[in-house]
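> only the shape, not the letters, is given here:
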């Protein structure tokens with residue numbers, strides 16, 4: 001799997017980041033050091049992007065601000081990172097936004113199934129979601145730097161899927177309440193299978209299909225039993241990178257501007273890397289005999305209606321704040337026309 005990541009991320013990195021210049025020597029006493037906690041491995045494209053962000057900040061500030069990246073839960077566990085940054089135990093951190101929904105329900109907007117169908121849609125949703133997230137972060141003493149999506153979730157199946165009827169009686173891998181509900185709505189039988197056991201479950205016939213990314217499919221070499229992959233782009237979960245507000249505000253204005261500039265570049269670079277990685281992983285599935293197919297129009301419409309149902313339920317559970325995101329997302333032309341009157 002490493003060669004997929006390397007090719008995808010390095011290609012993006014080369015197109016966005018020039019050769020790093022030699023660093024000016026700065027005495028340790030003159031430098032400010034931030035510890036940045038992440039729960040992901042060094043090999044993750046998210047972590048690699050953060051490390052490039054760290055290098056960019058060091059270069060831009062001539063070594064006056066150093067960001068030490070602590071990957072793989074070594075400084076704080078993934079689910080505890082936002083609290084650690086709020087409490088000042090780490091100056092900065094990265095986590096997946098869905099880990100924050102208990103504290104900030106609106107953070108779950110990007111994990112609602114079948115709402116976002118493409119990277120362009122995911123970007124449009126983020127533009128609407130970002131100011132709301134920034135407000136909640138500010139109230140908790142943290143400042144948002146940037147967000148990058150994981151590759152989208154697709155449908156892996158041992159048999160061709162042409163309509164909702166083809167799911168009936170099949171065994172669908174589930175791993176949370178959302179995927180369990182999807183299975184039930186499609187008429188499939190939910191089976192709880194940890195990702196580490198997917199290969200065994202497939203070989204034993206204990207599961208027939210699952211919703212997960214092409215990247216995860218490649219990492220688990222599912223092509224022995226999985227014969228079809230459908231790019232349904234079920235959802236695009238995002239990771240967010242943030243900093244303790246006091247730590248950020250303590251910087252000189254020019255240093256703050258440099259951090260924000262490097263963060264904007266990291267967001268652009270990260271989105272491009274995610275898309276490149278999704279594409280290369282899909283091609284690796286194809287190279288190993290998995291048929292990459294589009295879902296038929298009727299099934300696409302059924303999935304779209306499921307997305308509308310999930311989003312309505314989510315809006316009802318979250319409240320009025322959710323309307324600030326989904327009304328302009330679903331009805332951009334209508335709202336623009338109304339504002340022009």
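Thanks, I have it. Everything numeric in this text was worked out from a predicted model, so none of it was measured. Numbering: from 1, shown residues only.

> domains in this protein, by residue range?
What automatic domain parsing lists as the domains of the chain is 2-104+117-150+238-286, 153-233.

> what's the least confident stretch among these?
Among those, domain 2-104+117-150+238-286 carries the lowest mean pLDDT, at a mean of 90.

> would you pull up how far it lies from the middle of the chain?
Its chain's C-alpha centre and that of domain 2-104+117-150+238-286 lie 12 Å apart, by C-alpha atoms, centre = their mean, to the nearest Å.

> for the helix or strand encompassing residue 180, buried residues please.
Here residue 180 sits within helix 177-186, counting by DSSP states H and E. For helix 177-186, the neighbour count (16 or more other C-beta atoms under 10 Å) marks 178-179, 181-183, 186 as buried. All C-beta spots, glycine's among them, are computed from the backbone N, C-alpha and C.

> just stretch 300-320 next, same as before
Using 16+ other C-beta under 10 Å as the test for burial, stretch 300-320 gives 302-303, 306-307, 310-311, 314-315, 318.

> same thing with stretch 47-65?
Across stretch 47-65, burial judged by 16+ other C-beta under 10 Å covers 47-61, 63-65.

> restricted to helices, list the residues you listed.
In helices, defined here by DSSP state H, the members of the buried residues of stretch 47-65 are 47-60.

> ok, so of those, who is nearest residue 127?
Checking those against residue 127 with C-beta to C-beta, the nearest one is residue 49 at 19.7 Å.

> so what's the closest one up against?
Residues in contact with residue 49 (C-beta atoms under 8 Å, 6 or more residues apart in numbering) are 9, 148, 266, 269-270, 273.

> now, those residues that are in helices?
Among the contacts of residue 49, the residues falling in helices (DSSP H) are 9, 266, 269-270, 273.

> turn those into JSON lines, including neighbour count.
Formatted as JSON lines, these follow (neighbours: other C-beta atoms under 10 Å):
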{"residue": "9", "neighbour count": "25"}
{"residue": "266", "neighbour count": "25"}
{"residue": "269", "neighbour count": "24"}
{"residue": "270", "neighbour count": "27"}
{"residue": "273", "neighbour count": "26"}
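
> of all pairs in the residues you listed, which one spans the longest distance?
Largest pairwise distance in those, by C-beta to C-beta, is 12.4 Å, between 9 and 266.

> what about the strands in the stretch 151-300 of the chain?
153-157, 171-174, 189-192, 209-213, 228-230, 238-244, 291-293 (DSSP state E, counting those that start in this stretch).

> got the contact list for the spatially closest residue to residue 299 that is not a sequence neighbour?
Leaving aside its chain neighbours, residue 299 sits nearest to residue 163 (5.4 Å; criterion: C-beta to C-beta, 6 or more residues apart in numbering). Residue 163 makes contacts with 296, 298-299, 302, as judged by C-beta under 8 Å, 6+ apart.

> now these: which count as buried?
Among the contacts of residue 163, those that count as buried by neighbour count (16+ other C-beta under 10 Å) are 299, 302.

> if I look at residue 152, how far off is residue 282?
From residue 152 across to residue 282, the span is 10 Å (C-beta to C-beta, to the nearest Å).

> and for residue 84?
Counting by C-beta to C-beta - residue 84 and residue 282 are separated by 36 Å.

> ditto for residue 37
The gap separating residue 37 from residue 282 is 31 Å, by C-beta to C-beta.

> so for the two, which residue has more residues nearby?
Set side by side, residue 37 and residue 282 show more neighbours around residue 37, with 26 against 21, by other C-beta atoms under 10 Å.

> part of a helix, is that one?
No - counting by DSSP: H, G, I helix; E, B strand; the rest coil, residue 37 is located in no helix; its state is strand.

> which parts of the stretch 51-200 of the chain are helices?
With DSSP state H, counting those that start in this stretch as the criterion, the stretch 51-200 of the chain has helices at 81-86, 119-139, 177-186, 198-203.

> just these: most buried one?
Among those, the stretch with the highest mean neighbour count (mean count of other C-beta atoms under 10 Å) is helix 81-86, at a mean of 23.

> outside of that helix itself, list whatever touches it.
Residues contacting helix 81-86 (C-beta under 8 Å, 6+ apart): 37-39, 75-76, 90-95, 99-100, 103, 140-142, 242-244.

> which of the residues you listed fall in strands?
The members of the contacts of helix 81-86 that map onto strands under DSSP state E are 37-38, 92-95, 142, 242-244.

> highest neighbour count among the residues you listed?
residue 93 (31 neighbours).
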